[in-house]
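K.L.:
Everything below, folded, please.
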Amino acid sequence: MKSLSIAKLQTLNVLVYPEIISLFNIYTCHIRPLLNSQAIELEQSNACSKLTCFIKEEEKWFLLNNFELFHIAKSPYIDFDVLRKEVAVKYISKNQFDFDISFYELINLIAQHNKTIDIRLVYSQLNQIFDQEINQKLFGKNIFAITTFCQLIKINAQTYYKRPSEGVL
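P.N.:
Numbers count the residues shown, from 1 in each chain. Got it, this is the predicted structure:
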């Protein structure tokens, strides 16, 4: 295992691994904008303390997890204390990629911030992403049921249905 500074990560060509771009989009569009500054600070602090997995190909580094680290690495407005922070990194090959790593990290973020975000919209976004194969792999079922989502984020179905949703079509 190796560690890299945030400053070094900012100089690299860091991209999101194509198979999980949709999960990063959910975080970027439907979770992160609804977090207050305190929650973002906490996520940034957590990002520097967790193991981050990369697949390296030629000059590209594909990020597999650590949603907030991607924002930190791409942000031009980071203070010097943050730039000096070290992040533990692990390099894996393409055939070691596992969708579960990213999915369960996103689920933990949803569970942590479920009172702030539109959980019904997030569920509908996840449900659009998952095909039968992903559902079978993750849950052993052909569909991603609302009850499964509620169990994963540790709420009951009544709570889910009582929440207002701005974005569910």
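K.L.:
Would you indicate which residues of the helix or strand of the chain with the lowest mean pLDDT are buried?
P.N.:
Among the helices and strands of the chain, helix 80-84 carries the lowest confidence by mean pLDDT, DSSP states H and E, at a mean of 85. Buried positions in helix 80-84, judged by neighbour count with 16 or more other Cβ atoms under 10 Å: residue 82. Quick note: C-beta positions are derived from backbone N, CA and C, even for glycine.
K.L.:
tell me how far it is from the chain's mean position?
P.N.:
Its chain's C-alpha centre and that of helix 80-84 lie 22 Å apart, by Cα atoms, centre = their mean, to the nearest Å.
K.L.:
Just the buried positions in the next helix or strand after that helix, please.
P.N.:
Sequence-wise, the next helix or strand downstream of helix 80-84 (DSSP states H and E) is strand 86-91. Under the neighbour-count criterion of 16+ other Cβ under 10 Å, strand 86-91 has 87, 89 buried.
K.L.:
Show residues contacting the least confident helix or strand of the chain.
P.N.:
5, 6, 7, 10, 44, 48, 72 (Cβ atoms under 8 Å, 6 or more residues apart in numbering).
K.L.:
what's the answer for stretch 109-125, then?
P.N.:
By Cβ under 8 Å, 6+ apart, stretch 109-125 touches 22, 26-27, 30-31, 34-36, 39, 43, 67, 146, 149, 152-155, 160, 163, 165-169.
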